[in-house]
Every structure is written in structure tokens, then in C-alpha cells.
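Trainee: what follows is a predicted structure for the sequence shown.
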Amino acid sequence: MAELTLKSSRFRAEREADWKRLDALMEKVEKRGAKSLSDAELLAIPVLYRATLSSLSVARATSLDRGVTDYLEALSTRAYFFVYGARSTLFERLGRFFAVDWPRAVQSIWRETLLSAAIQIVAAVTAGWLVLKDPDWFYAFISRDLAGGRDPSASTAFLRDSLYTKVDGNDPLSFFAAYLFTHNAQIALMAFALGFAFCAPTVLILAANGCMLGAVLVLFATHGLAFQQGGWLLIHGVTELFAITLAGAAGFRIGWTLIFPGEKSRLEAAGDAGRTAATAAVGVVLMLLVAGMLESFARQLITDDWTRYGVAAVTAVVWFGYFYWPRSRRAA
Amino acid sequence: MSLSGAFVPDKMQRELITPEGVDLRLQLADGGQRAGAFIIDIVILLVSLLLIGWAKSALMGVVSRPVKEIVAVIWTIFVFLAMNGYFIAFELRPRAATPGKRILGIRVAARHGGRLTADAVFARNAMRLLEVWGPLMLILMGFAQALVSQGRGEPVDSWMFLLSFIWMGIFVFFPLFNRDRLRAGDLLAGTWVVRAPKQKLIADLSVDGAEHGGRFRFSREQLEAYGVKELHVLEEVLRKSDRRTMRAVAERIQRKIAWTDDPGIFDQDFLSAYYAALRQRLEQRLLFGHRRKDKFDKA
């Protein structure tokens, strides 16, 4: 090899080995994860990273070989994301989600949760009152397909049966659960995502849900079945309604922040709100998974009213305790 | 390729100062890369779902009833998790990129340069439901309904279609209408998508040029003809080493610097020698604090 005449070539030749070593280590990490590194390699990375970064500074100032500056820029960026990025495994992250992130996100949107619950209650009361005045209103809130015969024209006996039907072996019970779950989860995620449109669609989804609830409650109540239906509804409803309320609350958090970002820039405020709301929304999907299970298994298998109320009470205690039990801030 | 950085306009460059105080000069991923990565991911997702779905129906044919039910449940939940969890699971890993993004050398990063947190990944991907899956579902449903109405000879309700397309269109083209190429999900999550390509360290051209250095002697005036910009163009020409381009470039340089020696030389030898000499000259001036931008820079 000819003698290197350029200073920048000598600079490169002196440091090339370090860069290539870092490059190889990054390659290994990206292919097989941080676990594949030995202790010595793990300790070497930050040192090599800093050396490479300083090479980059020098190269920018003294070298006109673009091959080198481009290479160092790309390598430093890759190493930067490794050195300063998240290195916890998927499972550690999931653990943190359940222990800290999820309850904290739910706690922090408590105002929105109250608003979301209030909207549903107002809608339910209004719809219930309307149906009480004129049963024809029922069809305004619930389509005939969905009602499946449980409408104002139905007999008390039929309605009672619909609350206690034991499922025979042919009914694909668990499939029903899975279907309910995906259906509800899509709606809940929509309520969250639509907060992006300044809350309005979220209000509509919540109001529609409240109206359906109110209409059905009044229908059964007029037949003297309020207590029995309460058990039928609450056994999964505590979880499901709570989940929907939280999804709506997450949507409100986003929409509200987009309208009134406060002291931060709108973009920054939206980012903060979005991350909190998204954590709550992912939790909502998990709650709905539980609700779907309760709805199709527990409700069909348990037909005693008091037991149904008992299960409902247990779910209520579990959820409220999990979310709102005071925790130390140091847990983060 | 390694030199494609040269073609990325500077408005895609963003400052990211590391704790060590060096600006990494991040390049944002452009619209084409984002779309390409998404299409690759969708194809991977759909093909694997189709394959697994096919295996599932084959399985359904042979098992007994209760098992069938369990399979159906697992399948329904699996599809939901796959559609929503694919992006989340890959972006939660240290490389913060789905396979599509990896192939195109891009990754997700937090906008303020810190750690990419799990909630940010949730947020940017939960928004996909609003951006893509929701309207897509409406379009497919509308399409199915249209087929039914057409079969019955009823008028097709095209409003739903149009609105769904507009809805999806707004979100799909959203990144093209803001400076940082943010998708609605990125905006909400405080993330952006940057280029983090792997690059090979390519050979130093000046070494090659210096080997021929003895045969070529350039006068000072001849080396004053160009600046850094032209040097980089020359570097690119040499790396591509296309014979016809090199011929043309060599001719232009020879005319410009009034090169009279030996017309029988190889273009490549001449060009790499000139490259090495020019780089040496320009780097020397750089060390003295002057970066000569281009040939018009007379200072």
C-alpha cells in the first residue's frame, strides 16, 4: 500500500478499527438482542460510541471524504439509539405497564372519567324517560335486529326467559365471547381515537351507548324485572361500562388538550395527552376482554340473581381498587 | 446507497444533540419510505394471516366440535391482536421498527430525542384504527352492501364510499402536509420516523489516487479551480465509475485546468489523481479555517 499522504486518510486509518468494532457490535445487537453480548462487549459499547462520536466531530471539521462522514453519522445514530434508547425487554415493559403506567394513566384522567360517566347517565335517563312516555321511542335507540324480540311488544315471560336462558351444547358460547370482545374493543378504541376530532364524535358514541342502556332498563323495569335485569347486566356490565367510560375519557383528554393546550405548545401538549390516553385505551381493550369472558361464560352459566350481583360487586371492587388505590409516587 | 444522503434535501434534516454535545443531524424518513414500509408490513401481515387462516380451516375440518369452538375463539382474538399488536410489538423492541421499516432503514424515535416509551408506541399505533382500519372497514362494508343492492336492482348508496375515502385520504396524506412528516399517530404520541440506515465503510478514494500521484503533477492554479461541492461530485462520479460519465467529466476538468500533458492516459487514473490532489489542497485550507464551498467561492 502506498503511503498515506492525506491527513484525513491517516486519521481514518488510525481509527477505522474502532469504528468497525462498534459496527460489528451494533450488528450483533440488532440481530440477536442485547442479551447476546458478553459483559466486556456491553462495557465496550459506550466507550466505542463516544470515540466514534468524537471521530464524527473531527471528520466533519477536517475531512472532505464524504464516505467517512456519512458512515460515521449513520453509525453514531445507530449507536446513540442503543446507548440512550430503551433496552428493557418486552416483558419488563409489560410488567411496568400493569404495575405503574396503566393505573397512573387512569388516575390522571379522573375528571374526564366523571364527565364521560355523566354523559352516559344523562343520556340513559333521557332515553329511559322518553321510552316511559311513549314506548315507540324504544326503536329510535335500538334497532330491531339488535333487540332480537326484546322490545316493548314482548311479553313479560319472554323477557324473563331472555335473562336466564341456559345455553345448550350447540351454542358456540365462547365464539360469542370472542366476537363480543373484538366488537366492543373496536368501538372503545374508536371512542379514544375520535377524541382527535375535538371530542364531538366521542360524545356521540357515549350518548348512544347511554341511550341504549336507558331504553333497555326501562323496558325491563316496566315489566317488573328491574332487579333481575340488573344482575344480568351488571355481572359483565361493571367491567364493560367502566371500560367504555374510560375509553371516552381518554378521547376527551385528547380532544380537550387539542382545543386548550394550556401553557405548552399545541403539538407538545397533544403528545403528552396522547401518550396518557393511549395507555388508558390499551388497558380498556384488556378490560373488554375480561368483560367479554364474563358476558358469555359467567352470565350464561350463573343464573342466580344474587350470585350475579355478587360477581358484579367483586369486579367493581377489583377495578376500583386497582385503579384508584393510592400509591407512592416513587414507584415510577 | 451509501451516498444517497447527498440527494436528501436539507429540509429533511433535524438537529439532535446528543448528551455529548454532537449534533447527529438526523434525516427524517420521506413519504415514499413511510408508504413503502407500511405496504411491506401490510403484505407480511396479510400473507401470514392468510396462511395461518388456511391452516386453521384445514384444522377445523378434522377436529371434534368442542375443539373447533376453542380454535374459533383463538382465531378471532388472534386476528384482532395481530392487526393491532403487530406494529406495537415490533416498535417496542430496541430497534423500534417493524420489518417494513427495517428493510427501508428507518425507525421510530421520540421527537425530543429521549427514550421511546411504551405509551408513545401504543398511542401512535392505536391511532391507526382511526387512520386506516376504520375507514377501510367502512369501504369494504360499503362495497359488500353495494354488491347486494346492485343484485337487487336498487340504487347504490355511494355517499358512504365517498366519505370513507375522503376520511382515509385526509389521514393517509397527513404526513405530506406538515414539516416533520408526522402521521396523526406521531403527532399524538410525540414521535417521528427517522432514517437509521446501515452503512458500509467504503474505501478511501484518495488512497487509490495517491498511488497514481507520482505520474500527475498539478500546479497550484490547477487545484484552485474547484471547491468542496465539486469535490463531492467528483467522488460520486468515481464511485459509480461509469466509463462514459468519467470521460465527460475528465474532459471538462482537463479543459478547465488547461491540462496539456499526455493525452493517452486513462480517465480513471487522471480523475482519482486529481481527486486526491484536490482533496489534499482543500483539506489543507480547511485546517487553516477556510472551507471553500464551491468553485465560485473566491475568498
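Mentor: Great, that's in hand.
Trainee: quickly list the domain ranges of chain A.
Mentor: For chain A, whose domains are defined here by automatic domain parsing, the residue ranges read A:7-87, A:91-331.
Trainee: okay, those in CSV with mean neighbour count, distance to B:Lys293 and mean pLDDT next?
Mentor: All C-beta atoms are positioned from the backbone trio N, CA, C, and that covers glycine. Converted to CSV, these look like this (neighbours: other C-beta atoms under 10 Å in any protein chain shown; distance: least, C-beta to C-beta, whole Å; pLDDT from 0 to 100):
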stretch, mean neighbour count, distance to B:Lys293, mean pLDDT
domain A:7-87, 18, 12, 88
domain A:91-331, 18, 34, 81
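Trainee: need the contact list for the residue most central in space within chain A.
Mentor: In chain A, the centroid-proximal residue (C-alpha atoms, centre = their mean) is A:Val282; its distance is 1.3 Å. Listed by C-beta atoms under 8 Å, 6 or more residues apart in numbering or on different chains, the contact set of A:Val282 reads A:Phe97, A:Trp102, B:Phe122, B:Ala126.
Trainee: now with 7 Å?
Mentor: Contacts were defined as C-beta atoms under 7 Å, 6 or more residues apart in numbering or on different chains; by that measure A:Val282 touches B:Phe122, B:Ala126.
Trainee: using the three-state scheme, assign it.
Mentor: helix (DSSP: H, G, I helix; E, B strand; the rest coil).
Trainee: from B:Leu138, how far out is it?
Mentor: 23 Å (C-beta to C-beta, to the nearest Å).
Trainee: could you do A:Lys7 as well?
Mentor: Distance, A:Lys7 to B:Leu138, by C-beta to C-beta: 64 Å.
Trainee: do B:Ala258 as well
Mentor: In terms of C-beta to C-beta, B:Ala258 sits 70 Å off from B:Leu138.
Trainee: of the two, which one has the most company?
Mentor: Each of B:Ala258 and B:Leu138 has its neighbours counted (other C-beta atoms under 10 Å in any protein chain shown); B:Leu138 has more, 17 against 10.
Trainee: the more buried one: helix or strand, and which one exactly?
Mentor: helix B:134-152 (DSSP states H and E).
Trainee: relative to helix B:134-152, how tilted is whichever helix or strand comes after that helix?
Mentor: Next in sequence after helix B:134-152, counting helices and strands by DSSP H and E, comes helix B:159-172. Computed by axes from the mean of the first three to the mean of the last three C-alpha atoms, to 10 degrees, the angle separating helix B:159-172 from helix B:134-152 equals 160 degrees.
Trainee: could you give the mean pLDDT of helix B:159-172?
Mentor: In this model, helix B:159-172 carries a mean pLDDT of 80.
Trainee: how about the following helix or strand past it, does it reach chain A?
Mentor: Downstream of helix B:159-172, the first helix or strand assigned by DSSP H and E is helix B:184-189. Yes: residues of helix B:184-189 contacting chain A under C-beta under 7 Å from any C-beta of the partner chain: B:Ala184, B:Leu187, B:Leu188, B:Ala189.
Trainee: can you give me the mean pLDDT across helix B:184-189?
Mentor: 86.
Trainee: what's the spacing between that helix and its chain's center?
Mentor: 19 Å (C-alpha atoms, centre = their mean, to the nearest Å).
Trainee: quick one: contacts of it?
Mentor: A:196, A:254, A:267, A:270-271, A:274-275, A:278, B:120, B:123-125, B:127-128, B:131, B:171, B:174, B:192.
Trainee: buried set for that helix?
Mentor: B:Ala184, B:Gly185, B:Asp186, B:Leu187, B:Leu188, B:Ala189 (16 or more other C-beta atoms under 10 Å in any protein chain shown).
Trainee: how close does the fifth one get to B:Ile42?
Mentor: When distance is defined by C-beta to C-beta, B:Leu188 is 21 Å away from B:Ile42.
Trainee: now do A:Phe198
Mentor: Distance of A:Phe198 to B:Ile42, given as C-beta to C-beta: 30 Å.
Trainee: residue ranges of each domain in chain B, please.
Mentor: With automatic domain parsing as the reference, chain B has domains B:4-195, B:205-287.
Trainee: rebuild the ones you listed as CSV, extending it with distance to A:Val314.
Mentor: Listed next are these as CSV, based on distance: least, C-beta to C-beta, whole Å:
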stretch, distance to A:Val314
domain B:4-195, 24
domain B:205-287, 70
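Trainee: related to what we said a few turns ago, which ones among the contacts of helix B:184-189 map onto helices?
Mentor: Judged by DSSP state H, the contacts of helix B:184-189 include A:254, A:267, A:270-271, A:274-275, A:278, B:120, B:123-125, B:128, B:171 as members of helices.
Trainee: right, is the host helix or strand of B:Ile77 up against chain A?
Mentor: If you go by DSSP H and E, B:Ile77 is part of helix B:65-92. Yes: contact between helix B:65-92 and chain A is present through B:Glu69, B:Ile70, B:Ala72, B:Val73, B:Thr76, B:Ile77, B:Phe80, B:Ala89, B:Leu92 (criterion: C-beta under 7 Å from any C-beta).
Trainee: from the residues you listed, which is closest to B:Ser48?
Mentor: B:Ala89 (13.3 Å; C-beta to C-beta).
Trainee: show me what contacts the closest one?
Mentor: A:Leu90.
Trainee: go on, A:Thr113?
Mentor: A:Thr245, A:Leu246, A:Ala249.
Trainee: from the contact counts, what lies against whichever strand or helix holds B:Glu251?
Mentor: Element membership for B:Glu251 (DSSP H and E) is helix B:243-256. In terms of contacts (3 or more C-beta pairs under 7 Å, 6 or more residues apart in numbering or on different chains; DSSP states H and E), helix B:243-256 is packed against helix B:228-240, helix B:267-287.
Trainee: about what we covered before: the helix holding B:Leu138: how far from the chain's middle?
Mentor: 35 Å.
Trainee: by contact count, what packs against it?
Mentor: Using 3+ C-beta pairs under 7 Å, 6+ apart: helix B:134-152 touches helix B:159-172.
Trainee: buried set for the helix it packs on?
Mentor: Neighbour-count burial for helix B:159-172 [16+ other C-beta under 10 Å]: B:Met160, B:Phe161, B:Ser164, B:Trp167, B:Met168, B:Phe171, B:Val172.
Trainee: identify all contacting residues around that helix.
Mentor: Defining contact as C-beta under 7 Å, 6+ apart, one finds that helix B:159-172 is touched by B:Glu131, B:Val132, B:Pro135, B:Leu136, B:Leu138, B:Ile139, B:Gly142, B:Ala184.
Trainee: which member of those residues is positioned nearest B:Phe296?
Mentor: B:Ala184 (44.3 Å).
Trainee: return the distance of that closest one relative to B:Asn178.
Mentor: From B:Ala184 to B:Asn178 the distance is 10 Å (C-beta to C-beta).
Trainee: near chain A, which residues of the stretch 151-299 of chain B?
Mentor: B:184, B:187-190, B:196-197, B:199, B:201-202, B:204, B:206-207, B:210-211, B:213, B:228, B:231-232, B:235, B:279-280, B:282-283, B:286-287.
Trainee: got the phi and psi for the nearest residue to B:Lys229 once chain neighbours are set aside?
Mentor: Closest residue in space to B:Lys229, ignoring its immediate chain neighbours: B:Asp294 at 3.9 Å, by C-beta to C-beta, 6 or more residues apart in numbering or on different chains. B:Asp294 adopts backbone torsions of phi -150, psi -170, taken as degrees, to the nearest 10.
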